[in-house]
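Undergrad: missing the sequence, but the structure's below:
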């Protein structure tokens, strides 16, 4: 089941129907297919909750103006000993989770990156 609050499909929606309706893609050539095909990062929930952290600075423009009002709840922070400052100088690993460059072999906490075909094969039967 897919729980997507931004879709016009049923809520919840069976995965196979969701993938068929949301990712019905055809590309003109192999190069476009490789470059533009969706990828998915599959992470065990408990590992994500243990390892993801963000100081919300990705929501700031020019470092001092919010692009939208920040949530009222605390920033998502884990064990301070395991957190690192990213390339932008922020205390966040959001970019690592958003990136689809690795296949997850860099760390079990990062899960694995799947193509649409791999996701279908694994979960949609």
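TA: Perfect, thanks for sending it. Given the structure is predicted, the values throughout are model-derived calculations rather than measurements. Numbering: from 1, shown residues only.
Undergrad: what sits against residue 5?
TA: Residues in contact with residue 5, defined by CB atoms under 8 Å, 6 or more residues apart in numbering, are residue 11. Where you see a C-beta, it was placed from the backbone N, CA and C, and this is true even at glycine.
Undergrad: okay, it and residue 16: tell me how far apart.
TA: Residue 5 is 20 Å from residue 16, where distance means CB to CB, to the nearest Å.
Undergrad: show residues contacting stretch 24-38.
TA: Stretch 24-38 is contacted by residues 23, 115-116 when judged by CB under 8 Å, 6+ apart.
Undergrad: for the spatially most central residue of the chain, what are phi and psi?
TA: Centroid-nearest residue in the chain: residue 98, 4.6 Å away (criterion: CA atoms, centre = their mean). Backbone geometry at residue 98, expressed as degrees, to the nearest 10, gives phi -80, psi -30.
Undergrad: quick one: pLDDT of it?
TA: The confidence metric pLDDT takes the value 84 at residue 98.
Undergrad: how many neighbours does the nearest residue to residue 85 once chain neighbours are set aside have?
TA: In space, and not counting its chain neighbours, residue 85 is closest to residue 91: 5.9 Å by CB to CB, 6 or more residues apart in numbering. When neighbours are counted by other CB atoms under 10 Å, residue 91 registers 16.
Undergrad: with residue 7 instead?
TA: Residue 7, neighbours per other CB under 10 Å, totals 13.
Undergrad: over to residue 85?
TA: 10.
Undergrad: could you shift the numbering so residue one becomes 390, and keep it that way?
TA: Understood, numbering begins at 390; the last thing we discussed is residue 474.
Undergrad: that one and residue 490: what is the separation?
TA: Counting by CB to CB, the gap from residue 474 to residue 490 is 20 Å.
Undergrad: now residue 407
TA: Plainly put, residue 407 is 25 Å away from residue 490 if you go by CB to CB.
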